[in-house]
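Undergrad: pasting the structure only:
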């Protein structure tokens, strides 16, 4: 991933939900600009929820995870609920070991579960 990549190429919209497949090669230095662009896009599209799909992340450093959670917090500040999916066993273990138990996005076992929860919340 390059800092100049168009965020629209990284997010797809399905049934009014923004799905962001976090790239495996993401770096901490890219995240502040990326967070701003994601928030602008999510706000402009007026989506009813966002899924952060972490399936491509096999190993990730503390800084990247902190920035991913800041992104989730920023999207939630726009009033858009966020779910996370694609968390591997190794990533889950690392999250707990590094103190990330209190996430700003509820984890879901599958992408389908995340989509169903967000759509259900939007109808409520």
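TA: Structure's in. What do you need? All values reported here derive from a predicted model rather than from experimental measurement.
Undergrad: Check the gap between residue 68 and residue 122 for me.
TA: 23 Å (Cβ to Cβ, to the nearest Å). From N, CA and C alone the C-beta is placed, and that goes for glycine too.
Undergrad: cool, residue 78 as well?
TA: Noted for residue 78: a distance of 14 Å to residue 122, by Cβ to Cβ.
Undergrad: After the helix or strand of the chain with the lowest mean pLDDT, which helix or strand is next? Please name it.
TA: Lowest mean confidence among the helices and strands of the chain (mean pLDDT, DSSP states H and E): helix 89-97, at a mean of 80. Next helix or strand after helix 89-97 toward the C-terminus (DSSP states H and E): strand 106-107.
Undergrad: who's in contact with whichever helix or strand comes after that following strand?
TA: Scanning forward in sequence from strand 106-107 by DSSP H and E, the next helix or strand is helix 111-123. Applying Cβ atoms under 8 Å, 6 or more residues apart in numbering, the contact partners of helix 111-123 are 14-17, 19, 48-51, 53, 81, 83-86, 106, 108.
Undergrad: what's the residue positioned nearest the centre of the chain sitting at in phi/psi?
TA: Centroid-nearest residue in the chain: residue 52, 2.5 Å away (criterion: Cα atoms, centre = their mean). Main-chain dihedrals, residue 52, degrees, to the nearest 10: phi -100, psi 110.
Undergrad: which residues touch it?
TA: Shown in contact with residue 52 (Cβ under 8 Å, 6+ apart): 20, 22, 68, 71-72, 82-85, 105.
Undergrad: Report the beta-bridge partners for it.
TA: Beta-bridge partners for residue 52, by DSSP bridges, are residue 20, residue 84.
Undergrad: low-confidence ranges in the protein?
TA: Counting by pLDDT under 70, the chain shows low-confidence ranges at 1-5, 100-103, 124.
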